[in-house]
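Colleague: Got a predicted model here, sequence first, then my questions.
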Amino acid sequence: MNIVVTGASRGVGYQAALNFSRNRDHVVFALSRNEAGLKKLLEKSQSATLVPIRCDLADLQSIHAAVKEIEGRVKSIEVLVNNAGSLLLKDFSELTMEDWKEVFAVNVFGVAELTKQLLPLLKRGNLAEKKGVHAHVVNIASMGGIQGSLKFKGLSAYSSSKGALITMTECMSEELKAEGIRVNCVALGSVETEMFKQAFPGYVASSKAEDIGAWLEDFGVHGFSFFNGKTIQLSTSTP
């Protein structure tokens, strides 16, 4: 099985890629703009089938280059985990247009562009031959993007982008279902990661990245059998 995980240099993406790579039948493409983190992942996995690729989702040419490298190695993709994210902690009254663009460039536009460019490979996937499912796209959102959930000061741009990603997931699932591609979203609550600690110093997260990574590995491979166009709220609290 061929798998792509973005934001794989740390946190949830790192743990998800690590879990996927433990199955030596998987070829795992680990994407991130943090090359040092990717090197650490490769050393930890000790897998010959884990392929680190530098990719900045805010840079169109970087996405093109990453997709070209993937296309040069495999003919299909079965699982795509769009995990990479940009979190900006800044009061709404201080946000600039550039701030909004920076967050949405990674959390929304980059997800859309990478998924679109990988469509030919996703259409040729073979996740479940008997069910006619070629591939499963998993978008990682946040409880902050769920309407009615508790919101935090300073996360207007981040939470808004995750709300957009949730709605985009629903639209993508409708348009791609005829191609045998299923698309779901996972809204995470608080997870103990570097990004979370930087944003909320002293706050105790309800989940560990290792546990979420293991859950995503299973959901990526099997979740398409139960869900399509859905947002799963993976949280014991709000958020």
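Modeller: Great, that's in hand. Bear in mind that the values here come from a model prediction, so they are computed numbers and not experimental data.

Colleague: hey, let's count contacts and neighbours off CA atoms from now on
Modeller: Will do.

Colleague: if I look at the closest residue to Glu170 other than its chain neighbours, how far off is Val79?
Modeller: The spatially closest residue to Glu170, leaving aside those adjacent along the chain, is Gly229, at 4.6 Å (C-alpha to C-alpha, 6 or more residues apart in numbering). Between Gly229 and Val79 the computed distance is 15 Å (C-alpha to C-alpha, to the nearest Å).

Colleague: Kindly list the longest helix within the chain.
Modeller: helix 156-176 (DSSP state H).

Colleague: Do a quick rundown of the strands in the chain.
Modeller: Counting by DSSP state E, the chain has strands at residues 2-6, 27-32, 50-54, 79-82, 135-142, 181-188, 191-192, 207-208, 231-234.

Colleague: Alpha carbons only: can I get the fourth one in CSV?
Modeller: Taking only C-alpha atoms (Å, rounded to 0.1, in the frame of the first residue of the first chain), the coordinates of strand 79-82 have been written out as CSV:
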residue,chain,number,x,y,z
VAL,A,79,-4.0,6.7,1.6
LEU,A,80,-3.4,10.4,1.8
VAL,A,81,-3.3,12.0,5.3
ASN,A,82,-3.4,15.8,5.0
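
Colleague: Just the residues contacting that strand, thanks.
Modeller: The contact list for strand 79-82 (C-alpha atoms under 8 Å, 6 or more residues apart in numbering) reads 1-7, 111, 122, 135-140, 220-221.

Colleague: surely Ser159 meets Gln147?
Modeller: No: Ser159 lies out of contact with Gln147 (C-alpha atoms under 8 Å); the separation is 9.9 Å.

Colleague: Of those two, which one has the most company?
Modeller: Between Ser159 and Gln147, Ser159 has the larger neighbour count (other C-alpha atoms under 10 Å), namely 24 against 10.

Colleague: show me the contacts for that one.
Modeller: Going by C-alpha under 8 Å, 6+ apart, Ser159 touches Ser142, Gly144, Gly145.

Colleague: The same query, at a cut-off of 10 Å, please.
Modeller: For Ser159, the contact set (C-alpha atoms under 10 Å, 6 or more residues apart in numbering) comprises 87-88, 103, 107, 141-147, 151-152, 165.
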